[in-house]
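Visitor: test case, fold it:
(2 chains)
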Amino acid sequence: MDADFIAQILFSAIKTGTPLLFIALGEVICEKSGVLNLGQEGMMLMGAVVGFLAAYSTGNMAFGVLAAMAMGCVMSLIFGVLVLHLGANQVATGLALTIFGTGLSAFVGSDFVGKTIQGFNPIPIPYLSSIPYLGKILFEHDLLVYLSFIMTVLIMYVANKTRLGLTLKAVGENPNAANAIGIKVLRVRYLAIMFGGAMTGIAGAYMSLVYTPMWAENMTAGRGWIALALVVFASWRVGRIMLGAYLFGLASIMHLVLQGFGWTISTNLLAMLPYVATVFVMVIISADKFKEKLLAPRSLGKPFDPRHMA
Amino acid sequence: MKLKSLLLGVGLMLGVTMAQAEEPFKVGFVYVGPVGDLGWSYEHDQGRKEMEKYFKGKVKTTYVENVAEGADAERVITQLVKAGNKVIFTTSFGFMNATVKAAKRFPNVVFEHATGYKRAKNLGTYVLRTYEGRYISGVAAGLLTKTNTIGYIGAFPIPEVIRDIDATYMGAKSVNPNIKLKIVWANTWYDPGKETDAANALMDQGADVLIQHTDSPAPLIAAQKRGARAIGQASDQSKFAPQAHIFSVRDHWAPYYIKTVQQVMDGTWKSQDFWGGFHDNMLQLASINPNLPKDVRAKIDETLAAIKSGKLKPFTGPIKDNTGKIVVPAGHSLTDQELARVNWYVQGITDKIPQ
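Guide: Below is the predicted model of the structure:
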């Protein structure tokens, strides 16, 4: 195992982790506002199919990504109306959204199975990509991976350093107090949900336009669920989400890599590493009272109705 | 002109009345995937269409796609029986128990189950000699690789897959004594993302020709992206990766469907375990890349001809497994029953079969 090879594996880990990163970044904003959306898998599939459809019909990849974002927004809006306006249970509604999206995407995409598109090509960044090893790992990707880098920094900044981030936090921690000082809680939550939908849409487009440029029924194969675990794993910290996404990405390719070296350890054991890690983190952060502040936003999953103030 | 259309009209009417007079023979198909998967189920459906065309209106077919393996399959099969189908093809290994049960309940209907091993008086099985295609794939890969490393993506370590890995290695070894075969198990038949990961992991470790025993075209696409080569699985997958594509080993079920339906209609059908290969035109090399070097192309054609004529049988002794034990004695070719139970790697494959 030489350095080039390790660089190659880390490069692949970033590629594998990128869809997880997009979803988790969207979901963390959504959850910070106090809304738990379990519909990621369904939204991602809809994003993937609509993105592919748009890119295939127009021949324009960027348009495909935009269409996927829009589709993610629409899906999340359905979710938003149900849980925010009609006060439906967030967990049940999210699950319903996943089932709905899985079925609808298969229906919409049935005529596009087996069609091919060119997909995004990698664009090495001049100068940076010639740094030994690091250049290969970080700067020889395609546009969407770079976008995920930018989004991570942007979200980290907004969530931790701006008034907007503080507003979001207030809404998620104590919506009644936020409402009392004049923040429009439902509006913030709507925007957060839609942001989550758009990011999940991009993740879907990443699957059908970059990772495997094709459409196939249920092609996301549970990545939406892994991303949900990732948010918990990262204890709602943006920086850790990025790290975690690549760690999960690495874990999911590691069992394939190790097989090539003749390891006889069961591949199923290796494939479950990300989930074991998530359970492990859950145990650690909930065992320590001092670390309780790392835990979920206080009002996560609870509905808020401005007409019935406590 | 007028006379012509009049005649045509009369002819059409005659045709219609004839078709009404003679109730078409009904045949049902059960698929595990969508017909649009461009792989396994797609090719079964192509076979169904070709068979229907062959009988020119005398046979009417019905298919049900996306049938889950398990209890759901039994319900679907029962419905097909109730709808009057006289022959029912169930086209996935996982339909085995449902088909066996249905065969017991409906003794007057003929059942044919693909890739299974349980038979009854009214239940036959059929399978492809995919190892023949693998042997040729191995020959092509062994000649084309520059790193002497072939990457192989397996789904699950079952005899069918193990047998194909052995055949690939023997084919490659016959033209390239330094060949190495790297095997990665994806633990899935169909997950484009995971298959891409597996393809990349293999290419990272030096493989420059990929062979897959999973169903999506994702490994081909991954190979094309990195300038490697790959072989298409089950159907013609050349359009997914025109440069990387060497050829596809296409499943061609039509000859068997035509033969079986004809036999049932004639009353000569008997339950059997049928193995079809290149000789029976049930396997085909599809879209051989025109840019292959001439000598490689010639070797592919030569190997194909030898297999077709029966001169070359890949599993002919002496063959040792990779612990050095003789598994096929000199002068013996494995019978179909023995082929169905292959659970060893041939000498030269350094891996172990996962337990």
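Visitor: tell me the mean pLDDT for the helix or strand B:L304 falls within?
Guide: Per DSSP states H and E: B:L304 is located in helix B:294-309. Here helix B:294-309 scores 96 as its mean pLDDT.
Visitor: report all helices and strands that it contacts.
Guide: Where contact means 3 or more Cβ pairs under 8 Å, 6 or more residues apart in numbering or on different chains; DSSP states H and E, helix B:294-309 is packed against helix B:130-144. To be clear about C-beta, it is placed using only N, CA and C from the backbone, and glycine gets the same treatment.
Visitor: show me what secondary structure element comes after the helix holding B:L304.
Guide: Next in sequence after helix B:294-309, counting helices and strands by DSSP H and E, comes strand B:319-320.
Visitor: what's the model's confidence in that following strand, averaged?
Guide: For strand B:319-320, the mean pLDDT works out to 94.
Visitor: next secondary structure element downstream of that strand?
Guide: Following strand B:319-320 in sequence order, the next helix or strand is strand B:326-328 (DSSP H and E).
Visitor: any buried residues in that next one, and which?
Guide: B:V327, B:V328 (16 or more other Cβ atoms under 10 Å in any protein chain shown).
Visitor: now stretch A:130-147
Guide: Neighbour counts over stretch A:130-147 (16+ other Cβ under 10 Å) mark A:G135, A:K136, A:I137, A:L138, A:F139, A:E140, A:H141, A:D142, A:L144, A:V145, A:L147 as buried.
Visitor: same deal with stretch B:234-246?
Guide: B:A234, B:S235, B:D236, B:Q237, B:S238, B:F240, B:A241, B:A244, B:H245, B:I246.
Visitor: tell me who's in contact with the fifth one.
Guide: Residues in contact with B:S238, defined by Cβ atoms under 8 Å, 6 or more residues apart in numbering or on different chains, are B:G232, B:H245, B:F247, B:S248, B:A286, B:S287, B:N289.
Visitor: do the third one as well
Guide: Contacts for B:D236 were tallied using Cβ under 8 Å, 6+ apart; they are B:S248, B:R250, B:A286, B:S287.
Visitor: for the fourth one, same thing?
Guide: For B:Q237, the contacting residues are B:L38, B:G39, B:P217, B:L220, B:H245, B:S248, by Cβ under 8 Å, 6+ apart.
Visitor: and with 6 Å instead?
Guide: Contact analysis of B:Q237 by Cβ atoms under 6 Å, 6 or more residues apart in numbering or on different chains lists B:P217, B:L220, B:S248.
Visitor: what is the nearest of those residues to B:K180?
Guide: Closest approach between the contacts of B:Q237 and B:K180, by Cβ to Cβ: B:L220, at 21.2 Å.
Visitor: now that closest one: closest residue in space, sequence neighbours ignored.
Guide: Distance criterion Cβ to Cβ, 6 or more residues apart in numbering or on different chains; nearest residue to B:L220, sequence neighbours excluded, is B:A241 at 4.1 Å.
Visitor: quick check on the one you found: phi, psi?
Guide: Phi and psi for B:A241, reported as degrees, to the nearest 10, are phi -160, psi 70.
Visitor: roughly how far does it sit from A:F79?
Guide: As judged by Cβ to Cβ, to the nearest Å, B:A241 and A:F79 stand 38 Å apart.
Visitor: so B:M96 sits against B:T115, correct?
Guide: No. Using Cβ atoms under 6 Å, B:M96 is not in contact with B:T115; the gap is 8.5 Å.
Visitor: which stretches of the chain have low pLDDT?
Guide: Let's take chain A. The model of chain A has pLDDT under 70 over residues A:1, A:262, A:264-265, A:267, A:285, A:288-295, A:308-310.
Visitor: hm, I was asking about chain B
Guide: For chain B, applying pLDDT under 70 flags the ranges B:1-22.
Visitor: doesn't B:D215 fall inside a strand?
Guide: No. Assessed with DSSP: H, G, I helix; E, B strand; the rest coil, B:D215 is coil; it does not lie in a strand.
Visitor: show me where the stretch 151-300 of chain B has helices.
Guide: Assigned by DSSP state H, counting those that start in this stretch, the helices in the stretch 151-300 of chain B fall at B:159-175, B:192-204, B:218-225, B:254-266, B:294-309.
Visitor: ok, residue 258 - how many residues close by?
Guide: Because you didn't say which chain, this covers chain A. Neighbour count of A:L258, defined by other Cβ atoms under 10 Å in any protein chain shown: 16.
Visitor: nope, chain B please
Guide: That count, for B:I258 with other Cβ under 10 Å as the rule, works out to 18.
Visitor: so it makes contact with B:E52?
Guide: No. Using Cβ under 6 Å, B:I258 makes no contact with B:E52, being 9.7 Å away.
Visitor: just checking, A:V113 touches B:V35?
Guide: No. If you go by Cβ under 6 Å, A:V113 and B:V35 don't touch, sitting 8.9 Å apart.
Visitor: so which residues on chain A come close to chain B?
Guide: A:8, A:12, A:113-114, A:116, A:212, A:216, A:219, A:221, A:253, A:256-257, A:259-260, A:264, A:267 (Cβ under 6 Å from any Cβ of the partner chain).
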